[in-house]
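Visitor: no sequence on this one, just coordinates:
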């Protein structure tokens, strides 16, 4: 009898293990990969990347959401809001805005790194404690006014969700990326044709790099080997390759008109550049910069991301009021997802390569 009870106990334990193991893929399948897309009028759309359908929208369109980034293993989404001048922390399960950090006028780009969110904004004539804009009848300053206050980068502690410090930058700071070891942060300054480099942890200015005048640098991305910074020049249709150590220009590559967002594919073999004014997503060899292909896209397609499995490209096309999906290998269109007017940016969870993340 004793042996029979022991045998029964062993069998029961074995079945518990089998059931537990079998439950893992079921749980994993219950959470499909997702894309989060900001719409400047509707809020943040959530797209099921398996079904390629819009499954939900966080209704924060009144805030004017633009830049976005994920934190806390995908549990929270950070969004820069133009109209409210703040950074919102959204619970991705409930869609609830759980915290806000006041930033300043015109917050735009957000990157999360090392427990902090880095947010670009333009102080203008207000501060974080004041209202947005000037009095009735106030005329906004010209973007290219050399006397306009320089842009800044707010460094937000993700634990306290308070602005730890603000880093003075150039005029109209746009794109942002980090060095391979994370010690340096590089940003593009559209208004004065420069790239600024800072110590990531302290915000200390390291170097300013002058680029060709009138180019209006927008996007920036570090090469997979960490040897080069790549910068798009929107006005002149160029891609600049900077040496990551000397900051000298190593190469200038012609693109279609209006290049902005750029990203390497997950394998690091191809470089994709969103040439928004020509409604084209261009493909280049990641090492030689040889032009490989042009993918016709929609209007004002600034930002894009690969799906987590690398098989597709998801692109936010603001003036097409849609999100476009393409096969990442054949470059053929897969689907157009509507319901997100003035789509601005896109990131995915699990995290994948893209022009923002």
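Guide: Done, it's in. Just so you know, these numbers come straight off a predicted model, no measurement behind them.
Visitor: which residues in the protein form helices?
Guide: Per DSSP state H, the chain carries helices over the ranges 2-29.
Visitor: pLDDT below threshold where in it?
Guide: 1-30, 124-147 (pLDDT under 70).
Visitor: how about 80 then?
Guide: 1-30, 124-148 (pLDDT under 80).
Visitor: list the contacts of residue 80.
Guide: Contacts of residue 80 were listed using CB atoms under 8 Å, 6 or more residues apart in numbering, and they are 65-68, 87, 103, 107-110, 119-121. (Each C-beta comes from the backbone N, C-alpha and C, glycine too.)
Visitor: 10 Å instead, please
Guide: 38, 63-69, 86-88, 103, 106-110, 117, 119-121, 154, 344-345 (CB atoms under 10 Å, 6 or more residues apart in numbering).
Visitor: just residue 259 next, same as before
Guide: Shown in contact with residue 259 (CB under 10 Å, 6+ apart): 217-219, 231-239, 253, 273-278, 280, 282.
Visitor: can you check residue 173 too?
Guide: 108-109, 120-122, 150-153, 167, 187-192, 194, 196, 217.
Visitor: beta partners for it?
Guide: residue 189 (DSSP bridges).
Visitor: and the strands in the stretch 101-250 of the chain?
Guide: 110-113, 116-121, 152-157, 162-168, 173-178, 184-189, 194-199, 205-210, 217-222, 228-233, 238-243, 249-254 (DSSP state E, counting those that start in this stretch).
Visitor: was I right about residue 292 contacting residue 281?
Guide: No. Using CB atoms under 10 Å, residue 292 is not in contact with residue 281; the gap is 11.5 Å.
Visitor: what about the closest residue to residue 351 other than its chain neighbours, how many neighbours?
Guide: Leaving out its chain neighbours, the residue that sits closest to residue 351 by CB to CB, 6 or more residues apart in numbering is residue 357, at 5.8 Å. Neighbourhood size, residue 357 [other CB atoms under 10 Å]: 20.
Visitor: same question, residue 319
Guide: 14.
Visitor: and the contacts of residue 259, which are buried?
Guide: 217-219, 231-239, 253, 273-276, 278, 280, 282 (16 or more other CB atoms under 10 Å).
Visitor: from residue 297, how far out is residue 279?
Guide: According to CB to CB, to the nearest Å, residue 279 stands 6 Å off from residue 297.
Visitor: residue 239 now?
Guide: Where residue 297 is concerned, residue 239 sits at a distance of 17 Å (CB to CB).
Visitor: so residue 93 makes contact with residue 75?
Guide: Yes. Residue 93 is within contact range of residue 75, at 7.2 Å (criterion: CB under 10 Å).
Visitor: compare these two (neighbour count), which wins?
Guide: residue 75 (12 against 9).
Visitor: how about the more buried one: what's its closest non-neighbour residue?
Guide: The nearest residue in space to residue 75 (CB to CB, 6+ apart) is residue 92, at 6.0 Å.
Visitor: same check on residue 68?
Guide: Nearest non-adjacent residue to residue 68, counting by CB to CB, 6+ apart: residue 79, 4.8 Å away.
Visitor: and residue 161, by the same measure?
Guide: Take residue 161 and drop its neighbours on the chain: the residue closest to it by CB to CB, 6+ apart is residue 99, 4.6 Å away.
Visitor: run through the bridge partners of that neighbour.
Guide: residue 89.
Visitor: quick check: it vs residue 211, distance?
Guide: 37 Å.
Visitor: same check on residue 186?
Guide: Taken as CB to CB, the span from residue 186 to residue 211 is 12 Å.
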